[in-house]
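Trainee: Need coordinates for the below:
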Amino acid sequence: MYSADGALLGKYFIENRSPVDYEQISPNIINALLATEDVRFERHSGG
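Mentor: Now for the predicted structure:
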């Protein structure tokens with residue numbers, strides 16, 4: 001939470017996470033996620 005002048009007052013969250021760029025994600029993580037998807041994953045819109 002930040003004050004009106006931009007000073008950090010405190011943090012609250014269930015899990016402490018930081019955003020990362022796609023290029024920073026290990027290919028092993030991406031492959032593991034894809035392995036959990038169905039065989040048509042890359043051919044359908046996901047809807």
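
Trainee: Which parts of the chain are strands?
Mentor: Assigned by DSSP state E, the chain shows no strands.

Trainee: which stretches of it have low pLDDT?
Mentor: Across the chain, the ranges flagged by pLDDT under 70 are 46-47.

Trainee: For the most centrally placed residue in the chain, give its distance to residue 25.
Mentor: Computing the C-alpha centroid of the chain and ranking residues by Cα atoms, centre = their mean puts residue 19 first, at 6.4 Å. For residue 19, the distance to residue 25 equals 11 Å [Cβ to Cβ, to the nearest Å]. All C-beta spots, glycine's among them, are computed from the backbone N, C-alpha and C.

Trainee: same question, residue 13
Mentor: The gap separating residue 13 from residue 25 is 21 Å, by Cβ to Cβ.

Trainee: And the two? Which one has more around it.
Mentor: Applying other Cβ atoms under 10 Å to residue 13 and residue 25 shows that residue 25 carries more neighbours, namely 11 against 6.

Trainee: Would you mind measuring from that one to residue 40?
Mentor: Using Cβ to Cβ, one obtains 23 Å as the distance from residue 25 to residue 40.

Trainee: And residue 13, by the same measure?
Mentor: From residue 13 across to residue 40, the span is 35 Å (Cβ to Cβ).

Trainee: Ok, residue 7 next?
Mentor: The gap separating residue 7 from residue 40 is 50 Å, by Cβ to Cβ.

Trainee: show me where this structure has helices.
Mentor: 27-35 (DSSP state H).

Trainee: Let me know whether residue 41 touches residue 33 as I believe.
Mentor: No - if you go by Cβ atoms under 8 Å, residue 41 and residue 33 don't touch, sitting 9.8 Å apart.

Trainee: Tell me who's in contact with residue 10.
Mentor: residue 1 (Cβ atoms under 8 Å, 6 or more residues apart in numbering).

Trainee: swap in residue 34?
Mentor: residue 41.

Trainee: rerun that using 6 Å as the cut-off
Mentor: If you count contacts by Cβ atoms under 6 Å, 6 or more residues apart in numbering, residue 34 has none.
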